[in-house]
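# coordinates for the following, if possible.
(chains A and B)
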Number of protein chains: 2
Amino acid sequence: MTMMTMLPEVLFTQNAGLTDALIACINNKTKPLGSLGKLENLAHQIGLIQQSTQLALTQPAIIVFAADHGVVAENISAFPQDVTWQMVENFLAQGAAINVFARQSGIQLHIVDAGVNHDFGSRETLLNRKIALGTRNFAQQAAMTAEQCQTALQHGLRLVERLPGNVLGFGEMGIGNTTAAAALMHKLSGIAVADCVGAGTGLAADGILHKQHVIEQAVSLHANVSEPLQVLATFGGFEIAMMVGAMLAAAERRMILLIDGFIVTSALLVAAKLQPAILDYCVFAHCSDESGHRKMLAALDAQPLLQLDLRLGEGTGAALVYPLVQASVNFMNQMATFASAQVSEKSE
Amino acid sequence: MTMMTMLPEVLFTQNAGLTDALIACINNKTKPLGSLGKLENLAHQIGLIQQSTQLALTQPAIIVFAADHGVVAENISAFPQDVTWQMVENFLAQGAAINVFARQSGIQLHIVDAGVNHDFGSRETLLNRKIALGTRNFAQQAAMTAEQCQTALQHGLRLVERLPGNVLGFGEMGIGNTTAAAALMHKLSGIAVADCVGAGTGLAADGILHKQHVIEQAVSLHANVSEPLQVLATFGGFEIAMMVGAMLAAAERRMILLIDGFIVTSALLVAAKLQPAILDYCVFAHCSDESGHRKMLAALDAQPLLQLDLRLGEGTGAALVYPLVQASVNFMNQMATFASAQVSEKSE
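Below you'll find the model as predicted:
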């Protein structure tokens, strides 16, 4: 059995009758044609995902995957590695931005240790799926073994099987992971490394240039790697690999996937290489201020909903976009039609 | 006593100590510097409005002002005038987009008849501030008398005095009011009429050109009008004038003003000519798909938060942006600091 056969197949059903019914439902609402803009596109997409004109959002969740990265040995981050575990503690103590925004939006938050370089002991609210105490340094060798990568994917799949709802947002924490994501972006999109790297948590210009050189040398070292799961194992992080598995499982279950920023979208690049139909399940929350994200989204032909210059990760964009997802569903379910409200239609 | 002395004076206090305290509060939160982007700017602004680092949002409200426009006789709208009163009925029956979005965001909605061409009878949930059964046709004469304009402003002031909360969004309904707003925009900003007109509720290209010509001829007819309140009385609508009064009163009371789309922003153009400091109280909800809005916002040096291609009015953008306002306040009040969470700061 190959690795691929263990992963879900993602299909997206096009249905002309449903498409027409959704368009009619949207256009009959008491508003000028098209006047709800991107919310109308979103409602249409959710209708296709849910195969219905009766839309529903149930028990939304965000999973934050945390892991450490061996490539921090190359001095590519503005913050020390310890911040990964310290921020996990902050998540568990409800003190981080994602805690605040998820709570505000009524989203259940799950924190996963996918491979943090720290012993948390036994913690009731932390899902322990630790693969190792961080990846290896991909500037010297592949970040993970094929077996580790496979284990991470399978953990991601199984985490999603436990969820009761139909909306899943993705978030991450891992010092060094914009470096991993930039390498994945370069390998999977062909975009030049210089256009994939950015400031991460706050590098100055010389730091960004150093990060670019580290990635370029690593790309040379691993020049023969090209297959998506090989690329993931070579450059990725455990949190990224686990997200890939979770994304595939969520799309297989026909959930709405809320895609956050640069690192989450890099995981989606991998997932979309494996199962292109996954993109039809994705709501792109925002365009990050991390400089590669705009080009990464363009490579996926993705239209992000928010432009707030966020670059925090953690799934914060996914949490912040959720009220717009609710608004799309609510206008479909709650607005009157021209007929029901006896409002005159457009003059001929 | 002149008209001006009846209107509130709007001041905005700059305070270097408070500015420093707000910056410190924002930067000490457990996140990379600046990584919450526009939400950080918003939190800072709200702190200056509320003169505190302890931010609070209380009993948010949106007022939707509805009125009719005599200029519809020039055939400048895609929808018949009856849609104004029919949509007011839809608001009262909870069936319109603004009902759905305000309910979702926990915002109290108030509907005001500022001058609709319809007898609603006595209705418990409709605030009757009717000035007349619509304005006169500004293609032939001034839309309203100076007295009508003054009455509308005063109604707006007094409506705000009744509100218990500290956040006020503005919405409107009035077939023909993008024509009035475009004329106001031209007169108050100097931008060419062709760059001020758009499709409104759905004109085709020939309809937009006709609308442009109607405005250009009216501008010629009223060439001697230049003082802001004269411009308002000549081209405005009762809903727009009432909004101007409400905006001035809200800023005087140090409320957060949620500015919606093209028509609401045209009212703000008038208010800002009278009291420039009002802009410091404004959160610009979105950039509308109505073509003049982008330039109108630029004329105010305003940075809108959402770009969703909305062009519905009713205050829908104001309702949709409110969760982002909440997020700004919540991260300030609820996030841990680097010190409280014992998270390491950026490496030197």
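
# ok, A:Ser226 touching A:Lys187?
Yes: counting by CB atoms under 8 Å, A:Ser226 touches A:Lys187, with 7.5 Å between them. Yep, even glycine has a C-beta here, placed from its N, CA and C like the rest.

# enumerate the residues of the stretch 51-200 of chain A near chain B.
Contact residues (CB under 8 Å from any CB of the partner chain) of the stretch 51-200 of chain A with chain B: A:77-80, A:82-83, A:86-87, A:89-90, A:93, A:95-97, A:99-101, A:103-105, A:200.

# which among these count as buried?
For those, a burial check counting by 16 or more other CB atoms under 10 Å in any protein chain shown picks out A:77-79, A:83, A:86-87, A:89-90, A:95-97, A:99-101, A:104-105, A:200.

# thinking again about what came up before, any residues in contact with both of A:Ser226 and A:Lys187?
Counting by CB atoms under 8 Å, 6 or more residues apart in numbering or on different chains, no residue touches both A:Ser226 and A:Lys187.

# need the phi and psi values for A:Thr135.
phi -80, psi 170 (degrees, to the nearest 10).

# surely it touches A:His69?
Yes: contact criterion CB under 8 Å: A:Thr135 and A:His69 qualify, at 5.4 Å.

# between the two, which one's more packed in?
A:Thr135 (36 against 32; other CB atoms under 10 Å in any protein chain shown).

# distance of that one from chain B?
Counting by CB to the nearest CB, to the nearest Å, the gap from A:Thr135 to chain B is 20 Å.

# would you check how far apart A:Glu314 and B:Ala73 are?
Using CB to CB, to the nearest Å, we find A:Glu314 at a distance of 56 Å from B:Ala73.

# equivalent analysis for A:Leu188, please.
Distance of A:Leu188 to B:Ala73, given as CB to CB: 60 Å.

# okay, these two: which has more neighbours?
Comparing A:Leu188 with B:Ala73 by other CB under 10 Å, the one with more neighbours is A:Leu188, at 20 against 14.

# of A:Ser226 and A:Lys187, which one has the most company?
A:Lys187 (24 against 11).

# so where do the strands sit in the stretch 51-200 of chain A?
A:61-67, A:108-115, A:126-128, A:167-173 (DSSP state E, counting those that start in this stretch).

# and of these, who's closest to B:Gly169?
Smallest distance to B:Gly169 across the strands of the stretch 51-200 of chain A (CB to CB): 26.7 Å, for strand A:167-173.

# could you check the angle strand A:61-67 makes with that closest one?
If you take axes from the mean of the first three to the mean of the last three CA atoms, to 10 degrees, strand A:167-173 sits at 20 degrees to strand A:61-67.

# now strand A:167-173 against strand A:108-115, angle please.
Using the same axes, to 10 degrees: strand A:167-173 against strand A:108-115 is 40 degrees.

# parallel or antiparallel, which strands does strand A:167-173 pair with?
strand A:61-67 (parallel), strand A:256-259 (parallel) (DSSP bridges).

# rebuild those strands as a markdown table, extending it with distance to A:Glu161, mean pLDDT and mean neighbour count.
Conversion of these to a markdown table gives the following (distance: least, CB to CB, whole Å; pLDDT from 0 to 100; neighbours: other CB atoms under 10 Å in any protein chain shown):
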| stretch | distance to A:Glu161 | mean pLDDT | mean neighbour count |
| --- | --- | --- | --- |
| strand A:61-67 | 12 | 98 | 29 |
| strand A:256-259 | 15 | 98 | 26 |
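
# near chain B, which residues of the stretch 201-348 of chain A? Just list them.
So the stretch 201-348 of chain A meets chain B at A:201-202, A:289, A:305-312, A:316, A:320, A:323-324, A:326-327, A:330-331, A:334-336, A:340-347 (CB under 8 Å from any CB).

# one more time with 6 Å, if that's ok
Residues of the stretch 201-348 of chain A that fall close to chain B, judged by CB under 6 Å from any CB of the partner chain: A:201-202, A:289, A:308-312, A:320, A:323, A:326-327, A:330-331, A:334-336, A:341, A:343-344, A:346-347.

# of these, grab the buried ones for ChimeraX.
The following ChimeraX line selects those of those that are buried, judged by 16+ other CB under 10 Å:
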select /A:201,202,289,308,309,310,311,312,320,323,326,327,330,331,334,335,336,341,343
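
# in helices, which of the residues of the stretch 201-348 of chain A next to chain B fall?
Those of those mapping onto helices are A:Leu320, A:Pro323, A:Gln326, A:Ala327, A:Asn330, A:Phe331, A:Gln334, A:Ala341, per DSSP state H.

# how many neighbouring residues does the closest residue to A:Gly200 other than its chain neighbours have?
Leaving aside its chain neighbours, A:Gly200 sits nearest to A:Thr178 (3.9 Å; criterion: CB to CB, 6 or more residues apart in numbering or on different chains). Burial of A:Thr178 is recorded as 32 neighbouring residues (other CB under 10 Å).

# surely A:Ala341 touches A:Lys31?
No: checked against CB atoms under 6 Å, the pair A:Ala341 and A:Lys31 is beyond contact range at 10.8 Å.

# start and end of stretch A:23-41, how far apart?
The straight-line separation of the ends of stretch A:23-41 (CA to CA, to the nearest Å) is 10 Å.

# and that stretch, what's its mean pLDDT?
Throughout stretch A:23-41, pLDDT has a mean value of 97.

# what residues sit buried inside that stretch?
For stretch A:23-41, by 16+ other CB under 10 Å, it's A:25-26, A:29-32, A:34-41.

# the nearest residue to A:Tyr281 once chain neighbours are set aside: what's it in contact with?
In space, and not counting its chain neighbours, A:Tyr281 is closest to A:Ala251: 4.3 Å by CB to CB, 6+ apart. Each residue near A:Ala251 by CB atoms under 6 Å, 6 or more residues apart in numbering or on different chains is listed here: A:Val10, A:Ile278, A:Tyr281.

# from those, which ones fall inside helices?
Short answer: these have none in helices (DSSP H).
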